[in-house]
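# I'd like to go over a predicted model; first the sequence, then the structure.
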2 protein chains.
Amino acid sequence: MASKHVKKIVTPASEIAPADQPAPVAKEPKKAVRRATAETMAKAQRSISVSEFFAKNRHLLGFDNPRKALLTTVKEAIDNSLDACEEAGILPVVEITVGQLGETHFKVIVRDNGPGIVRQQIPHIFGRLLYGSKFHRLRMSRGQQGIGISAAGMYGLLTTGKPVKITSRTGPRSQAQYYELQIDTRNNRPDIIKQAQVEWDQPQGTQVEIELEARYQKGRASVDDYLQQTAVANPHVTLIYNAPDGRVERYEAASKHLPPQPKEIRPHPQGVELGLLIKMLQETKAKRISQFLCSEFSRVSPRVAQEILATAGVDASATPKRLGGEDAQRIYQAIQKTKIMAPATDCVVPIGKDQLVAGLKQVVNAEFYAAVSRSPAVYRGNPFIIEAALAYGKAPAEPAPVGEPSVEQADEGEEERSNGESLARLIRFANRVPLLYQQSACATCKAVVNLNWKAYNLPQSRGALPSGDLTIVVHMASVWVPFTSESKEAIASYPEILKELRLALQEIGRQLGLHLRRSAKLQHELKKRSYIEKYIPAIGEALKDILELKEKDVERTCENLKTVLERSRSM
Amino acid sequence: MASKHVKKIVTPASEIAPADQPAPVAKEPKKAVRRATAETMAKAQRSISVSEFFAKNRHLLGFDNPRKALLTTVKEAIDNSLDACEEAGILPVVEITVGQLGETHFKVIVRDNGPGIVRQQIPHIFGRLLYGSKFHRLRMSRGQQGIGISAAGMYGLLTTGKPVKITSRTGPRSQAQYYELQIDTRNNRPDIIKQAQVEWDQPQGTQVEIELEARYQKGRASVDDYLQQTAVANPHVTLIYNAPDGRVERYEAASKHLPPQPKEIRPHPQGVELGLLIKMLQETKAKRISQFLCSEFSRVSPRVAQEILATAGVDASATPKRLGGEDAQRIYQAIQKTKIMAPATDCVVPIGKDQLVAGLKQVVNAEFYAAVSRSPAVYRGNPFIIEAALAYGKAPAEPAPVGEPSVEQADEGEEERSNGESLARLIRFANRVPLLYQQSACATCKAVVNLNWKAYNLPQSRGALPSGDLTIVVHMASVWVPFTSESKEAIASYPEILKELRLALQEIGRQLGLHLRRSAKLQHELKKRSYIEKYIPAIGEALKDILELKEKDVERTCENLKTVLERSRSM
């Protein structure tokens, strides 16, 4: 059977040597090199551990250069702290310390008041890539891959040889646990260097300490920038930042309320691919196919399940594991044809229109603000929400807000340089996490660049951001944000995401256009009025001469003329 | 000891509740949600298999949308075929068949005349992510990660439920082996669905067949585009392409010589980080530290090893495994201080200046060409070469070269759209493989955008590619190309790479600038000459009247005048 099949797909290929001769070996212009054969090649084949892979490709994880490495380390630790606090219903208080030990040798300490980590899990969470609780669920959170913090520890180990140090306590009645860990990259497993129960002056929480090769520099895409933007998008978070230059900065929580807790959802049937459906059928614990559909997916009621199975011509009492590929395919097609309610949307929590503008006001002091928070949409079965806001123009001069990094500062490592005319500034968030690198690879940036801002009265060169005194904020909230790399710096351009971004930007763009046209009109009217007031007396003088009017008549005529002319304005 | 250390780094934090009270729980505005604790969270923690990770993140592998999925599948199969043929010293002949089975259901078959794969390795190579021979060595090749072809098979399985089918034969005296494989994503292991010895009308080679959900569309970033560019950068390769619309296209090898075979190298000591050095010290088979340095690194002679060890103050006969972290650090620092020859460069094989221009001529028919192939440079210890070429202006009209995709065609999925003014076209290669997606995320694109092309007389908007009738080709050849994601679509922006790119682009830019200034000058001169010829007779007539000259004198005067005026040109 297999042989028959193979024969069928083979077409005679005249350029290939006949079966009794080996393939032609190319002429060697120089001395002979030992050539590989299938056998010599087989000897070199072996598996690659995921940590070896990422150690060699550390730029995939955000460790391309020392400045970015510092930011990524801080970011991964804070992401974990905030996720843990929120999941446990605790208002997060996170203290970040960045200390300089040598020219390019830094120590990062991040400490939170979260729920702590049970002892047995600490080595896995910090000493193993692809380990965590967030990957196998559909729930909005900052972390999702189980890579970040272990990768930061691995980078630290790689560049300084120093282990990661963790202290964690799950509550006032528990002892604090202390670990020193090194990731064993060949096996992707934690090596425990030291473990102890310790005294800790904190009732609950986790502290992680990483030494690494890094560079500290303020400005765009710096740790300072990151913390400021985190505070903007997370008004319920208190951040205390001990900077390497001795400064202590505090971002106090503006809100005493946690955002609503996002709900975990099951996958939507129409977002599941055939191959995954087959796998789910094989792995389910459900005894009947109807039960399988209702329990493993969201939005499938018994009635909907019945409809799907009727369309597919599959018996509702069939055992999922016994269904063949044909049946699976019919069920898959029936799912696509059945009208099923859109995914539940309480799994995605937006920042909100007002909060976005409030945040933006902390960053720029502008003459005009606009914001939109769109309704949830779906890509590959994953609900998501796009929010956007903009600030335009300069408000009457006021002192710059505290902590605002100067735009003029050096920006090595990031692509967007400021030289000459001013392009719009784009501030990006994914699940409330600021995205500071790879802007041009991000779907949000593509959506901004591809929009025709000239239609909203803003100058824009082709293939570039619009110009002018414009700051745009975009937020994507989703149960699963598709990033273009493991470093989570840019959002992948799924068509559904690009569409929502476009619609959101169009909406705030239209508001801005309206504002700009209104102010242009106002300018025009004011100019017109000043002309009227300037020239009417002259006209009066002329009329006086021509019509031989008296001074009193002149005054009256001028008043009339002014009224008529001003009435002609369409304001 | 541990406890003491912990105590030291803890600073009193007034915002955290005293040790006898639990952390404050946020007020719940609405109904209570079950909050997580360290214990409930621990239950959800588990490891994530690398195939699960990439199945969920399939956009990281180049499977974001059906059109790109088709290209990525073809690309991964061809990469493997070409690498295998070249390593075995065989001039590659690769036949690609893309067949349409349904509206979005395609079958891709790629067959080569390579060395074949030994039976036992087939399931691992095609049914397991992170498995291969290219990751653990430093040698220039197209594939490097051991992910690509298995990922294509995984995507096919996920979207169609169909296994990957492989036929391979290692020589005319061996039987062909046939496999049908499915990747078991939970365990990242191959499930063998079928295995057989089969008759095959081909003496040697490998054929892979994948069914997948896809979309076929010509134009930019299409399979057709990819094959054309592959032919351009690989003149020793013959490609036969059976397109879904029934067309058969052949790209015949223009050269009967394989490019020189790149040599495998050991790491350069100055590209190795401290953590890696420590790991190498622990894992080496060398008995003495001096032997370790000479045998595990390139460019370390016994004399250099002696110098390093003297600087570090480490005994040359010390056992590597017994050296402590302090010793390792001193050796690491000594390596940085020692003058060590740059890495060998015969491990990197450029395409070459002439070949680049020849390739470019197949794509555009221009008035001016320039090219540069730079000397090897090094990033993170990895040697690399940057090459660049450009074509400018339109040559006198000729029919467009066959197979050149029309720029006007739809280009969904790719960011660069053509609407209105024409931006320069950028063609990118990494180790002779065309890069068709994520242009704006690529170091090559950043280098082009960041260069000031106005200095070379080309119009350019800020933050954009230069405008005009310009095609730029860039090639990076390296023992390890750092890509921004596993889909290998864009090169990461390491500072050393950006620098080499800038230097290469400056060089061809200067040549273009010179050409443009010369032609502007020529234009100017021609115009001047035509003025002279137009007005001299009139001047002659005027002189005749004023000076009352004879006709003969007028002629002579005009000749003199013309000579004097033309001599004044600085040509």
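Right, received. Where do you want to start?
# From here on, just use CA atoms for contacts and neighbour counts.
OK.
# The closest residue to chain B within the stretch 401-550 of chain A - how many residues pack around it?
In the stretch 401-550 of chain A, the residue that lies nearest chain B is residue A:441 (4.8 Å; CA to the nearest CA). Residues contacting residue A:441 under the criterion other CA atoms under 10 Å in any protein chain shown number 23.
# do the same with the one 3 residues further on
Residue A:444 is flanked by 31 other residues according to other CA under 10 Å.
# Repeat that for residue A:238.
Neighbours of residue A:238 under the rule other CA under 10 Å: 21.
# Angles on the backbone of whichever residue of the stretch 251-400 of chain A sits closest to chain B, please.
Proximity of the stretch 251-400 of chain A to chain B (CA to the nearest CA) peaks at residue A:275, 3.7 Å away. Backbone torsions of residue A:275, given as degrees, to the nearest 10, read phi -60, psi -40.
# so what's it up against?
For residue A:275, the contact set (CA atoms under 8 Å, 6 or more residues apart in numbering or on different chains) comprises B:157-161.
# out of those, who's nearest chain A?
The closest of those, once distances to chain A are taken by CA to the nearest CA, is residue B:158, at 3.7 Å.
# Downstream of whichever strand or helix holds the closest one, the next helix or strand is which one?
Taking DSSP states H and E as the definition, residue B:158 sits inside helix B:148-160. The helix or strand immediately downstream of helix B:148-160 is strand B:164-169, counting by DSSP H and E.
# List the neighbours of that next one that are in contact with it.
Against strand B:164-169 from outside (CA under 8 Å, 6+ apart): A:6, B:115-119, B:122, B:126, B:153, B:156-157, B:175-182, B:203-211.
# The residue of the stretch 401-550 of chain A closest to chain B reaches residue B:441, doesn't it?
Yes. Taking contacts as CA atoms under 8 Å, residue A:441 lies within contact range of residue B:441: 4.8 Å.
# Give me the nearest residue to residue A:221, chain neighbours excluded.
residue A:436 (5.2 Å; CA to CA, 6 or more residues apart in numbering or on different chains).
# Can you get me a residue count around the one you found?
24.
# That one: what's it in contact with?
Residue A:436 neighbours (CA under 8 Å, 6+ apart): A:220-221, A:226, A:427-428, A:489.
# Show me which residues of the stretch 251-400 of chain A sit near chain B.
A:256-258, A:261, A:273-276, A:278, A:325 (CA under 8 Å from any CA of the partner chain).
# If you go by neighbour count, which of these are buried?
A:257-258, A:261, A:273-276, A:278 (16 or more other CA atoms under 10 Å in any protein chain shown).
# distance of the residue of the stretch 401-550 of chain A closest to chain B from residue B:443?
According to CA to CA, to the nearest Å, residue A:441 and residue B:443 sit 11 Å apart.
# Kindly report the same for residue A:143.
Using CA to CA, residue A:143 is found at 27 Å from residue B:443.
# picking up where we left off before, in TSV, list the buried ones among the residues of the stretch 251-400 of chain A next to chain B along with distance to residue A:365 and secondary structure.
Conversion of those to TSV gives the following (distance: CA to CA, whole Å; DSSP: H, G, I helix; E, B strand; the rest coil):
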residue	distance to residue A:365	secondary structure
A:257	26	strand
A:258	27	coil
A:261	32	coil
A:273	47	coil
A:274	51	helix
A:275	52	helix
A:276	49	helix
A:278	55	helix
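# now those in a markdown table, with pLDDT?
Converted to a markdown table, these look like this (pLDDT from 0 to 100):
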| residue | pLDDT |
| --- | --- |
| A:257 | 90 |
| A:258 | 92 |
| A:261 | 89 |
| A:273 | 85 |
| A:274 | 87 |
| A:275 | 83 |
| A:276 | 84 |
| A:278 | 88 |
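# if I pick residue A:94, what's in contact with it?
A:78, A:81, A:110-113, A:237-240 are the contacts of residue A:94 under CA under 8 Å, 6+ apart.
# what's the closest of those to chain B?
Nearest to chain B among the contacts of residue A:94, counting by CA to the nearest CA, is residue A:113 at 6.7 Å.
# beta partners of the residue found closest to that closest one once you drop the neighbours it is linked to in the chain?
If the residues on either side of it in the chain are set aside, residue A:113 comes closest to residue A:205, at 4.2 Å by CA to CA, 6+ apart. Taking DSSP bridges as the rule, residue A:205 bridges to residue A:169.
# so residue A:205 makes contact with residue A:118?
No. Contact criterion CA under 8 Å: residue A:205 and residue A:118 do not qualify, at 10.9 Å.
# hey, what's in contact with both of the two?
With CA under 8 Å, 6+ apart as the test, residue A:205 and residue A:118 both reach A:168-170.
# Please tell me which one of those residues counts the most neighbours.
Counting by other CA under 10 Å, top hit in the shared contacts of residue A:205 and residue A:118: residue A:168 with 31 neighbours.
# what's around the one residue in the stretch 51-200 of chain A that gets nearest to chain B, how many residues?
Here the stretch 51-200 of chain A gets closest to chain B at one residue, residue A:158, 3.6 Å apart by CA to the nearest CA. Using other CA under 10 Å, residue A:158 has 25 neighbouring residues.
# Also the one 5 residues further on?
Summarising burial for residue A:163: neighbours were counted as other CA under 10 Å, giving 25.
# pLDDT score for the residue nearest to residue A:36 when sequence neighbours are not counted?
Excluding its sequence neighbours, the residue lying closest to residue A:36 (CA to CA, 6+ apart) is residue B:88, at 4.5 Å. With respect to pLDDT, residue B:88 scores 94.
# Would you enumerate the residues in contact with residue B:88?
Counting by CA under 8 Å, 6+ apart, residue B:88 touches A:35-37, B:114-115.
# May I ask which of the residues you listed has the most neighbours?
Ranked by neighbour count (other CA under 10 Å), those have residue B:114 at the top, with 33 neighbours.
# Okay, that one and chain A: tell me how far apart.
8 Å (CA to the nearest CA, to the nearest Å).
# ok so that residue is a helix residue?
No. Secondary structure of residue B:114 (DSSP: H, G, I helix; E, B strand; the rest coil): coil, not part of a helix.
# pretty sure it is in contact with residue B:205, am I right?
Yes. Look at residue B:114 against residue B:205 with CA under 8 Å: they come within range, at 4.4 Å.
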